[in-house]
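Student: I would like to see how this sequence folds:
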Amino acid sequence: MMKENIDYNQNKFLMFVLDKMAYEYEQDGKDVIRMTLGKSELPLHENITNAMVDALMDFKKSTLVFPPGLPQLQVKLSEFYRENNKLDIKPSNIIISTGTSTIFRNLFYLLLNEGDEVLLPIPYYSLYKFSAILCGVKIRYYKIDTKTLKLDRESFEQNFTSKTKIVVINTPGNPLGNILSKDDLLFMDSVVDGQATIINDEIYSNMCFDEPGTSVLELDGIKSQFITTNSFSKGYRMYSRRVGYCIVPDELVTPLTVIQHHTLLTTDPVVQFGAIAALDHQDEVTYLRNLYKSRRDYTVEEFSDVKDVKAIHSKGGFYLTLECSQFMKKHNIKTSLDLAVKIMEKTNVATVPGSDFGLPETIRLSYTCIKYNEGINRMVDFFKHYK
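Tutor: Residues are numbered from 1 along each chain as shown. You can find the predicted model right below:
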């Protein structure tokens, strides 16, 4: 029998519900603008594509099997962190997988036992919550203030308990684009004090718009066990290629590798060779960051005079959140899913209901579409003239 404690209908990722709706509209010939997935609209750099084609056509390369990842990619990542962050990370401490979603699921299974608790940010990326649900553990939340984008330290202290075994942080955060300061990270470490593992999702770390963020990898004198996760899906635009990795302490290398022995076998070596090539193209990352920053700025400006809706000024990442509580109350719109469907029906713009992230009166927009500014124009018109 299936696990009885999981309501799968209630745990649908509504992002994919709206994205499928967009696909169906497109099949009917409608002019759809998708602001759903965090999947860049730009093609891969030709050198990345060529590296994958070369690997695909080379039988020896295309059939390599390494459960923890290609040694060549582990070494390349180690060199990258040494050159860019002045960090000495052993290649063996870098575990490659098919994106970071499977890594989170495996880490939760590895680190949690019955009766344990996890502490997640709210808003959260839904992967964190569902990984905890799969493990059958209690979930507590600490708050990121949607007005200031700052960590609510009191909520963090109050919800960290003697049963907490995993704490998740995400900076820049999805969906708000909040960035945790160095002082915040040190505060969290002082509260955790070595009792729990802190998993830091840095998937948007190369998408800080206004100033660089601080990585937990750069902290000195920490007391807790930290794991950092990252991926080539965002800044390097390799969303569908599925290459992610985590940086783990020595004692977790073997357990996590053994889990992948049995449940993964190998991440496709072809796309891993593409990831190796991607690391040589930081100019591509810079271009994307500047492009999405400009879209952030355009959104904030265009929504500045929209009554009852606020565009939250994200500091990084792939997304911007619209705070719609007053609008929803005024027009008797019950859920963010209802609002997203109305936007789709009226404007052909596909967005993501904020309930996916624990913010039921918001809408998330992804910067990742060619006609982004036109989509914003359509939405501004929707909110200004809604009847």
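
Student: what does stretch 91-101 rub up against?
Tutor: With contact meaning C-beta atoms under 8 Å, 6 or more residues apart in numbering, stretch 91-101 is reached by 66, 68-71, 73-75, 77-78, 103, 106, 127, 201, 203, 229-231, 233, 242-250, 253, 256-257, 260, 264, 267-268, 272. Where C-beta positions appear, they are placed from N, C-alpha and C, glycine not excepted.

Student: Recalculate using a threshold of 6 Å.
Tutor: Contacts to stretch 91-101, defined as C-beta atoms under 6 Å, 6 or more residues apart in numbering, come from residues 68-69, 73-75, 77-78, 103, 127, 229, 231, 242, 244-248, 253, 256, 267.

Student: what about Val118, which helix or strand?
Tutor: Assigning secondary structure by DSSP states H and E places Val118 in strand 117-122.

Student: Could you list the buried residues of the longest helix anywhere in the chain?
Tutor: Longest helix of the chain, by residue count under DSSP state H: helix 282-302. For helix 282-302, burial by neighbour count (16 or more other C-beta atoms under 10 Å) applies to Glu284, Val285, Leu288, Arg289, Leu291, Tyr292, Lys293, Arg295, Arg296, Tyr298, Thr299.

Student: Need the pLDDT of Glu4.
Tutor: pLDDT for Glu4: 69.

Student: Sorry, slip of the keys, the one I care about is Leu56.
Tutor: The model reports Leu56 with a pLDDT of 98.

Student: Tell me the pLDDT of the residue lying closest to it once chain neighbours are set aside.
Tutor: Spatial nearest neighbour of Leu56, excluding adjacent residues (C-beta to C-beta, 6 or more residues apart in numbering): Val270 at 5.0 Å. What the model reports for Val270 is a pLDDT of 97.

Student: go on, Gly221?
Tutor: pLDDT, Gly221: 90.

Student: got it, and Leu320?
Tutor: The model's pLDDT for Leu320 equals 98.

Student: In three-state terms, label Asn9 for me.
Tutor: The three-state assignment at Asn9 reads coil, by DSSP: H, G, I helix; E, B strand; the rest coil.

Student: That one: neighbour count?
Tutor: 6 (other C-beta atoms under 10 Å).

Student: again, but for Ile144
Tutor: 24.

Student: thought it was touching Asn178?
Tutor: Yes. Between Ile144 and Asn178 there is a contact under C-beta atoms under 6 Å: 5.2 Å.

Student: Point out the other helices and strands that the longest helix of the chain packs with.
Tutor: Applying 3 or more C-beta pairs under 6 Å, 6 or more residues apart in numbering; DSSP states H and E, we find helix 282-302 packed against helix 372-384.

Student: What are the buried residues along the helix it packs on?
Tutor: Buried, per 16+ other C-beta under 10 Å, within helix 372-384: Tyr372, Gly375, Ile376, Asn377, Arg378, Met379, Val380, Phe382, Phe383.

Student: Can you pick out the ones from the contacts of stretch 91-101 that are in helices?
Tutor: Using DSSP H, those in helices are Leu73, Gln74, Val75, Leu77, Ser78, Ile103, Leu127, Val253, Leu256.

Student: What's the PyMOL line that selects buried ones from the residues you listed?
Tutor: In PyMOL, this line selects whichever of the ones in helices among the contacts of stretch 91-101 come out buried by 16+ other C-beta under 10 Å:
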select buried, resi 73+74+77+78+103+127+253+256
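
Student: Just name the closest of the ones in helices among the contacts of stretch 91-101 to Leu359, please.
Tutor: Leu127 (15.8 Å; C-beta to C-beta).

Student: Can you check the pLDDT for that closest one?
Tutor: For Leu127, pLDDT reads 96.

Student: Then Asp7?
Tutor: According to the model, Asp7 carries a pLDDT of 83.

Student: any idea how far Asp116 lies from Val137?
Tutor: Distance check for Asp116 against Val137: by C-beta to C-beta, to the nearest Å, it reads 5 Å.

Student: typo on my end, it should be Leu279
Tutor: 36 Å.

Student: Thr368 reaches Glu41, doesn't it?
Tutor: Yes. Using C-beta under 6 Å, Thr368 is in contact with Glu41, at 5.4 Å.

Student: Looking at the two, which is more packed in?
Tutor: Neighbour totals were compared for Thr368 and Glu41, and Thr368 leads with 24 against 14 (other C-beta under 10 Å).

Student: re the thing from before, which one of the ones in helices among the contacts of stretch 91-101 is nearest to Met238?
Tutor: Of the ones in helices among the contacts of stretch 91-101, the one sitting nearest to Met238 (C-beta to C-beta) turns out to be Leu73, at 12.3 Å.

Student: Could you verify my assumption that the closest one touches Ile276?
Tutor: Yes. Counting by C-beta under 6 Å, Leu73 touches Ile276, with 5.4 Å between them.

Student: If you tally nearby residues, what's the number for Gly244?
Tutor: Neighbour number of Gly244 under other C-beta under 10 Å is 24.

Student: And the strands in the stretch 151-300 of the chain?
Tutor: 164-170, 197-201, 225-231, 244-247 (DSSP state E, counting those that start in this stretch).

Student: taking the mean pLDDT, what do you get for the last one?
Tutor: Summarised as a single mean, pLDDT over strand 244-247 is 98.

Student: Understood, closing this out.
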